[in-house]
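> Build the 3D model from these lines:
(2 chains)
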Amino acid sequence: MTTPTLSGQAAGAAALLRGGPLGLLARKRDQLLVLVVLLAIWQGLSILLGEYWIGTPWGTVRRLVSGIADGELLQHASYTVAEAIIGFLVGGIPAAALPFVLRRLPMVTAIIDPIMVGGYGSPKLALAPLFILWFGIGIESKIALIVFTVFFIVYFSTLAGIRALDPKLVQMAQMSGASESDIARHIIFPGAVPHIFAGLRIAMPYSIGAAVVAELISANRGLGYMIQLRSMNFDTTGIFVALAAVCFIVAVANWIVNIVERHLLLWRPPADVTAQKE
Amino acid sequence: MAALLEVRNLSKRFASRAGREPSPWIIRDLSFSVADGEFLTIVGPSGGGKTTLLNMIAQIDTASGGEIVFQSKSAPLGDKTSLKPGLNCQIGYVTQEDNLLPWRTCLENVLFPLMAQGRLNDETRAHAQSLIRAVGLEGWEKHYPHELSGGMRKRTSLIRTLVYDPPVILMDEPFGAVDAQTRVQLQEDLLRLWNLGRKTIVFVTHDITEAIALADRTLVLTRQPSSVAGEHIITIPRPRDIRDILTHPEFVDLYRRIRAQVQ
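Just a heads-up that it's a prediction; the model follows:
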């Protein structure tokens, strides 16, 4: 009879570790541990293969600090971020709105579906040279590539959100006297918001990635240009600095999406099953 | 009492799809009427087309034959596009699932029909609040559906329909998915609310005890294709005590007779 009690205690302790303040502390500790191990591997490789091929972590930090200090990094990063934000909005907003318009037009949706699937599946990076030919090496070609990348991701996740909605909720609303616009506003839209956010969450790093890639191919500013230039000069440490900046930007953007999402989706049950009340 | 709702020779089978015959008849030549202010319960075997019947009355499904007359007017039943779900808010429908909007709080869900109908004002808000009090949901107004128990969700769904006062309310096994104790409480809540307003209610269930306990009259449906197998006037005096009704001599007799007809 002692075994169930023991396992019960163990389960209780495990739950405490997962959900409680102890769990948070343990998670932070483990995250730090992983970071230290990765840095050690990086340092080891740098010693093994030579600083010429793999810049040291410490050298990267020093260059990062000096890059921030002289404003060079900030200038290039802000250019890339500006491209990403404009492209994300110009691509994301129509992509989130279009399925709502098409909801009442199943014929049109069916007609454009192959085009949308093709657009979604096409290798976006292969289009970058074309956009540069059309829009030049300035900001326009980068934005075009980001718009093209973001649009299809957000379009399909929004469409999935509208299709996943329980038709019984719409029926309930119709019976309660709701008009078509009431239904769109109070049933379809809130029901699709989690899916729209899922799309935005996936599209967000892609928009920054697309900006960097477009700059790699042809630009005179931005983090991608920075990487390209430094690769020509065999400056691996410099490339690491630019990559670190890209990672940092993605992390911050992700954090912002999380905060906005949490505010919009207060009604959702907590994702952690153990914390859910019955 | 004049008939408020009349079902005449109603028939239903699902239409054929490519490469398939139409389904067998689910409902065949079903006729009955409901008087104004009457509490009618309908019992029948599960899978007997009871939900389909309510869907047709509620105007969310078409009929394959027959007629439904509401307030002396024939309701459109021919094709999907001419249906008017809820007949301009004349028919309320409490479905098997609560169908609460997960992004609206308990109170916001209850107020939803009033908002949709443009009838949200101090008076209707106060009415909603009194219904919330009547079913014991005070203190839960600002909670989201996932934070409510099954019974509380049922109550929310029930008063969401009562709040806009439709002349007829359809109920499709609304208390099917809750435990026995909660079920009795919900039945008591419903009877108390019904006593205050005396709406016309058509209540579908497969539970014979529930059918007798709530009703003025009980219809028994046959197996598919559904038609009326029997009709029983329930004369057990009101107000009724649901917990004691099992021992009422009339109940025992009714139960036996209805049980014999439900196959």
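
> So what's the gap between stretch B:125-136 and the chain middle?
20 Å (Cα atoms, centre = their mean, to the nearest Å).

> In the stretch 1-150 of chain A, which residue sits closest to chain B?
Evaluated by Cβ to the nearest Cβ, the stretch 1-150 of chain A has A:Arg104 as its residue closest to chain B, separated by 13.3 Å. In short, each C-beta sits where N, CA and C put it, glycine included.

> pLDDT at that residue, what is it?
In this prediction, A:Arg104 carries a pLDDT score of 85.

> Which of the helices or strands spans it?
Assigned by DSSP states H and E, A:Arg104 belongs to neither a helix nor a strand.

> Helices along the stretch 51-200 of chain B, start to end?
Assignment of helices within the stretch 51-200 of chain B using DSSP state H, counting those that start in this stretch yields the ranges B:106-116, B:122-134, B:150-162, B:180-197.

> which residues touch the residue positioned nearest the centre of chain B?
Nearest to the mean C-alpha position of chain B, counting by Cα atoms, centre = their mean, stands B:Met171 at 1.4 Å. If a contact means Cβ atoms under 8 Å, 6 or more residues apart in numbering or on different chains, then B:Met171 has B:93-94, B:201-204 as its contacts.

> count of residues packed around residue 86?
Picked chain A for this. 18 (other Cβ atoms under 10 Å in any protein chain shown).

> actually chain B
Other residues lying near B:Gly86 total 27 when counted by other Cβ under 10 Å.

> now the one 5 residues further on
The tally of other residues near B:Ile91 (other Cβ under 10 Å) stands at 25.

> residue contacts, it?
Taking Cβ under 8 Å, 6+ apart, one finds A:175, B:57-59, B:70, B:166-170 in contact with B:Ile91.

> Might you enumerate the residues of the stretch 1-150 of chain B proximal to chain A?
B:58, B:60, B:85-86, B:88-89, B:91-93, B:95, B:97, B:99, B:101-105, B:112-113, B:115-117, B:144, B:146-147 (Cβ under 8 Å from any Cβ of the partner chain).

> Which ones among those residues lie within strands?
Using DSSP state E, the subset of the residues of the stretch 1-150 of chain B next to chain A located in strands is B:91-93.

> Can you add pLDDT and give those back as CSV?
Formatted as CSV, the entries for those read as follows, by pLDDT from 0 to 100:
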residue, pLDDT
B:Ile91, 94
B:Gly92, 95
B:Tyr93, 96
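
> So which bits of chain A are right by chain B?
A:166, A:168-169, A:171-179, A:182, A:186-187, A:190-191, A:193, A:266-269, A:277.

> Just the buried ones from the residues you listed?
With burial judged by 16 or more other Cβ atoms under 10 Å in any protein chain shown, the buried subset of the residues of chain A next to chain B is A:169, A:171-178, A:182, A:186-187, A:190-191, A:193, A:267.

> For whichever residue of the stretch 151-263 of chain B sits closest to chain A, list the residues it contacts.
Using Cβ to the nearest Cβ, the point where the stretch 151-263 of chain B gets nearest to chain A is B:Tyr164, with a distance of 7.1 Å. For B:Tyr164, the set of contacting residues under the criterion of Cβ under 8 Å, 6+ apart consists of A:176-177, B:89, B:92, B:113-114, B:117, B:119.

> 6 Å instead, please
Contacts of B:Tyr164 were listed using Cβ atoms under 6 Å, 6 or more residues apart in numbering or on different chains, and they are B:113-114.

> one step back: with mean neighbour count and mean pLDDT added, can I get the helices of the stretch 51-200 of chain B in a markdown table?
As requested, these are arranged in a markdown table below (neighbours: other Cβ atoms under 10 Å in any protein chain shown; pLDDT from 0 to 100):
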| stretch | mean neighbour count | mean pLDDT |
| --- | --- | --- |
| helix B:106-116 | 22 | 96 |
| helix B:122-134 | 15 | 94 |
| helix B:150-162 | 23 | 93 |
| helix B:180-197 | 16 | 89 |
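
> Of all those, which one comes closest to B:Arg259?
Set against B:Arg259 and scored by Cβ to Cβ, the helices of the stretch 51-200 of chain B come closest in helix B:180-197, at 18.9 Å.

> For the closest one, which outside residues touch it?
Residues external to helix B:180-197 that are found in contact with it (Cβ under 6 Å, 6+ apart): B:135, B:151, B:154, B:175, B:242.

> switch to 7 Å and redo it
B:39, B:134-135, B:151, B:154-155, B:158, B:162, B:175, B:178, B:201, B:210, B:213-214, B:239-240, B:242-243 (Cβ atoms under 7 Å, 6 or more residues apart in numbering or on different chains).

> so what's the residue nearest to the centre of chain B bridging to?
B:Val94, B:Phe203 (DSSP bridges).

> ok so, going back, and the buried ones among the residues of chain A next to chain B, which of them are in helices?
Residues of these located in helices (DSSP state H): A:169, A:171-175, A:182, A:190-191, A:193.

> so where is chain A shaky, pLDDT-wise?
Low-confidence regions of chain A, defined by pLDDT under 70, span residues A:1-20, A:271-278.

> For it, which segments count as helices?
Listed in chain order, the helices found in chain A under DSSP H are A:2-19, A:21-49, A:57-69, A:72-102, A:106-121, A:128-135, A:139-164, A:167-175, A:180-183, A:189-217, A:223-232, A:236-264.

> now for those helices, which one comes closest to B:Val43?
Judged by Cβ to Cβ, the one of these that comes nearest to B:Val43 is helix A:167-175, at 23.8 Å.

> With just CA atoms, put that closest one into CSV.
What follows is helix A:167-175, C-alpha atoms only, in CSV (Å, rounded to 0.1, in the frame of the first residue of the first chain):
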residue,chain,number,x,y,z
PRO,A,167,-21.2,26.1,-37.6
LYS,A,168,-23.5,25.5,-34.6
LEU,A,169,-22.2,28.8,-33.1
VAL,A,170,-23.2,30.6,-36.3
GLN,A,171,-26.6,28.8,-36.2
MET,A,172,-27.1,29.9,-32.6
ALA,A,173,-26.3,33.5,-33.5
GLN,A,174,-28.7,33.4,-36.5
MET,A,175,-31.5,32.1,-34.3
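
> by contact count, what packs against it?
The elements that helix A:167-175 packs onto, with contact taken as 3 or more Cβ pairs under 7 Å, 6 or more residues apart in numbering or on different chains; DSSP states H and E, are helix A:180-183.

> Show me which parts of the helix it packs on are buried, residue by residue.
Along helix A:180-183, the positions that meet the burial threshold by neighbour count (16+ other Cβ under 10 Å) are A:182-183.

> in chain B, what spans have low per-residue confidence?
In the predicted model, chain B carries pLDDT under 70 at residues B:1-2.

> Tell me how far A:His195 lies from chain B.
Here A:His195 is placed at a distance of 13 Å from chain B (Cβ to the nearest Cβ, to the nearest Å).
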